[in-house]
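Participant: Structure here, sequence nowhere to be found:
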């Protein structure tokens with residue numbers, strides 16, 4: 001199976017991005033769903049600022065996946081590094097700033 005950047009769809013030089021990161025959270029919160037294939041350009045964009053919109057959106061998508069799996073709020077909070085995201089943007093699928101990520105990058 002060919003690896004494709006989760007954000008922009010590029011193939012080739014990809015790395016893994018841990019959606020939940022920092023302060024020892026990466027290992028404690030890692031699940032199959034919390035690691036995505038991502039190209040260098042998109043990885044740089046995710047980490048461009050402390051509150052990168054793309055980073056927030058990826059976290060919202062991950063949280064939504066956990067809730068769709070039927071996980072209770074307490075488990076979701078633990079998997080999200082102790083936080084429940086409260087942003088109410090549509091986070092189904094690959095969306096960034098209200099548009100498809102593939103269209104945005």
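Facilitator: Yep, it's here. Worth saying up front: this structure is predicted, and the values here are computed from it rather than measured.
Participant: what are the bridge partners for residue 16, then?
Facilitator: Beta-bridge pairing for residue 16 (DSSP bridges): residue 37.
Participant: Next one: it relative to residue 36, how far apart?
Facilitator: Distance of residue 16 to residue 36, computed by C-beta to C-beta, to the nearest Å: 7 Å. Just so you know, the C-beta spots here come from the backbone N, C-alpha and C atoms, and that holds for glycine as well.
Participant: Comparing the two, which residue is more hemmed in?
Facilitator: Neighbours were counted for residue 16 and for residue 36 using other C-beta atoms under 10 Å; residue 36 has more, 21 against 10.
Participant: How about the more buried one: what's its closest non-neighbour residue?
Facilitator: Leaving aside its chain neighbours, residue 36 sits nearest to residue 6 (4.1 Å; criterion: C-beta to C-beta, 6 or more residues apart in numbering).
Participant: tell me the secondary structure for the one you found?
Facilitator: Recorded secondary structure, residue 6: coil (DSSP: H, G, I helix; E, B strand; the rest coil).
Participant: which secondary element of the chain has the worst mean pLDDT?
Facilitator: Ranking every helix and strand in the chain by mean pLDDT, DSSP states H and E puts helix 101-104 at the bottom, with a mean of 38.
Participant: for the most centrally placed residue in the chain, what are its contacts?
Facilitator: In the chain, the residue lying closest to the centroid (C-alpha atoms, centre = their mean) is residue 58, at 2.7 Å. Contacts for residue 58 (C-beta atoms under 8 Å, 6 or more residues apart in numbering) come out as 17, 19, 36, 46.
Participant: For residue 41, see how far away residue 64 is.
Facilitator: Separation of residue 64 from residue 41 (C-beta to C-beta) stands at 25 Å.
Participant: now the strands for the chain?
Facilitator: 14-18, 35-39, 95-96, 99-100 (DSSP state E).
Participant: could the ones you listed go into TSV alongside distance to residue 24?
Facilitator: Formatted as TSV, these follow (distance: least, C-beta to C-beta, whole Å):
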stretch	distance to residue 24
strand 14-18	12
strand 35-39	16
strand 95-96	27
strand 99-100	33
